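Enquirer: coords please:
(one chain, ligands or ions: 1)
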Amino acid sequence: MIRAQVRGVGHYLPERVVENDWFTTFLETSDEWIRSRSGIERRHFAAEGQTTSDLAIRAAQAALNDAGLRPDDIDAIVLATSTPDLTFPATATIVQAGLGMTRGFAFDVQAVCAGFIYALSNANAMIVSGQAKRVLVIGAETFSRIMNWEDRGTCVLFGDGAGALILEAAEGDGTNFDRGILATDLQSDGRFRDILQVSGGVSSSQTTGHLMMAGKEVFRHAVEKLATSTVAVMDQAGVTAADIDRVVPHQANVRIITGTARKLALPMEKVVVTVQDHGNTSAASIPLAMSVAQSSGQLNRGELVVTEAIGGGLAWGAVLLRW
Ligand code: UT7
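Expert: Numbers count the residues shown, from 1 in each chain. Prediction:
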């Protein structure tokens, strides 16, 4: 059977690093509060004029280099973002042109912090169905553009960045020892759309709006829903927590990451944590963490990896893959 295997990975972080202390210059907050409540120590912010597609192109080029491929070797780009360059066209098409890719097709996926999980699942479906052989899956965000800088409960939590993964069709045996994506689970529940949303949009206010979050509410849903989705993909593939080599969770809050790991009986030594350096980069957080983990030797070919995320919608999900 056809499997969607990881062929390359890469990331890009904007140059400007902002430490927690920066926020104390204009907000009633502290490095201690931000660290202890979220695990975040610093984040990167895009330079003025630097767009989501700029970050995505750099991450995609890094993934192409890692894979030893050229842009025209790619059949499709699936880009997850909630901070597109423009209302339309899709940021993915801007990336396509920026890479110098003259064939294939490109589109965006919008599932906020779960965006990369949704994009991976879509790319997997296209590969398994034979619609595409190589898919460039990107998560890229400039959340600094939608922050309310007067809201200390949100603006200290988010950052900018991009990560990219290249998935390639390869023949597998149909067992959970195959490399590639083994199981996916996507969920959403729009009844909870108000607890994490942006206050504007094209068809409602004709403004971009600012991020608003009922943090405690989102937190309450996060651990339970992430654990449920993770169990769903493990069950689909017939594996248990003991079989998992590495967990790459969405990087929103280290307390959510540890709480979910505890619920699943997954030891923290198996969990990739980058939230301290990146903050919450929404759809970019998972591919960023994967790329950093591979570079540092935390993620190796043949390892069984589970990745999970939750965000606005609420939308959440998990993917099980053998790296
Ligand atoms: O990626 C999408 C998913 N998003 C998430 O997963 C985020 C989920 N939520 C969270 O990560 C946490 O709820 C937060 C980090 C946002 C907040 O942590 P918390 O432990 O839930 O704190 P809280 O919201 O209950 O706030 C506690 C206190 C409040 O003061 P009072 O009302 O108890 O007097 C806040 O006003 O902390 C105050 N507070 C702050 N204090 C200093 C809120 N933000 C700050 C701040 N600095 N930046």
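
Enquirer: ok, and the closest non-adjacent residue to residue 187?
Expert: residue 316 (5.3 Å; C-beta to C-beta, 6 or more residues apart in numbering). C-beta here means a position set from N, CA and C on the backbone, and glycine is covered the same way.

Enquirer: list the contacts of the one you found.
Expert: Residues counted as contacts of residue 316 (C-beta atoms under 8 Å, 6 or more residues apart in numbering) are 114, 117, 187, 188, 225, 226, 229, 308, 309, 310.

Enquirer: okay, and it sits in which element?
Expert: strand 315-322 (DSSP states H and E).

Enquirer: so the helix ranked longest in the chain versus strand 315-322, what angle?
Expert: Longest helix in the chain by number of residues, with DSSP state H as the criterion: helix 215-237. Between helix 215-237 and strand 315-322, the angle comes out at 40 degrees (axes from the mean of the first three to the mean of the last three C-alpha atoms, to 10 degrees).

Enquirer: what comes up buried for the very next helix or strand once past helix 215-237?
Expert: Moving toward the C-terminus from helix 215-237, the next helix or strand (DSSP H and E) is strand 246-249. Across strand 246-249, burial judged by 16 or more other C-beta atoms under 10 Å covers 246, 247, 248, 249.

Enquirer: quick check: mean pLDDT of strand 246-249?
Expert: For strand 246-249, the mean pLDDT works out to 98.

Enquirer: what does the stretch 1-150 of the chain put close to the ligand?
Expert: Counting by C-beta under 6 Å from any ligand atom, the residues of the stretch 1-150 of the chain close to the ligand are 29, 33, 34, 37, 38, 113.

Enquirer: what's the closest non-adjacent residue to the last one?
Expert: If the residues on either side of it in the chain are set aside, residue 113 comes closest to residue 311, at 2.5 Å by C-beta to C-beta, 6+ apart.

Enquirer: from the ligand, how far off is residue 150?
Expert: In this view, residue 150 and the ligand are 11 Å apart by C-beta to the nearest ligand atom, to the nearest Å.

Enquirer: so how many other residues sit close to the closest residue in space to that residue that isn't next to it in sequence?
Expert: Of all residues not flanking residue 150 in the chain, residue 27 sits nearest, at 7.8 Å (C-beta to C-beta, 6+ apart). The criterion is other C-beta atoms under 10 Å. On that basis, residue 27 has 14 neighbouring residues.

Enquirer: what do you get for residue 215?
Expert: Neighbours of residue 215 (other C-beta under 10 Å): 16.

Enquirer: do you know the pLDDT at it?
Expert: pLDDT at residue 215 comes out at 96.

Enquirer: nearest residue to it in space, please, no chain neighbours.
Expert: Nearest to residue 215 is residue 153, by C-beta to C-beta, 6+ apart, at 5.8 Å.

Enquirer: so where does the one you found fall, helix or strand?
Expert: Secondary structure (DSSP H and E) places residue 153 in helix 152-155.

Enquirer: contacts for that helix, please.
Expert: Contacts of helix 152-155 (C-beta under 8 Å, 6+ apart): 23, 27, 28, 29, 147, 148, 149, 211, 212, 213, 215.

Enquirer: in that helix, what's buried?
Expert: 152, 154, 155.

Enquirer: outline the domain layout of the protein.
Expert: 2-171, 180-322 (automatic domain parsing).

Enquirer: if I look at the residue nearest to residue 187, how far off is residue 115?
Expert: Distance, residue 316 to residue 115, by C-beta to C-beta, to the nearest Å: 11 Å.

Enquirer: residue 320 now?
Expert: Counting by C-beta to C-beta, the gap from residue 320 to residue 115 is 18 Å.

Enquirer: more neighbours, those two?
Expert: Between residue 320 and residue 115, counted using other C-beta under 10 Å, the more crowded position is residue 115 (31 against 25).

Enquirer: thinking that one is in contact with residue 121, fair?
Expert: No: contact criterion C-beta atoms under 8 Å: residue 115 and residue 121 do not qualify, at 10.7 Å.

Enquirer: returning to what we had before: is the ligand contacted by the helix holding residue 153?
Expert: Yes: judged by C-beta under 6 Å from any ligand atom, helix 152-155 and the ligand are in contact via 152, 153.

Enquirer: for that helix, list the C-alpha coordinates in PDB.
Expert: In PDB, the C-alpha atoms belonging to helix 152-155 read as follows (Å, rounded to 0.1, in the frame of the first residue of the first chain):
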ATOM      1  CA  ARG A 152      -1.500  40.700  28.900                       C
ATOM      2  CA  GLY A 153      -3.500  37.400  28.900                       C
ATOM      3  CA  THR A 154      -2.700  36.800  25.200                       C
ATOM      4  CA  CYS A 155       0.000  38.900  23.700                       C
END
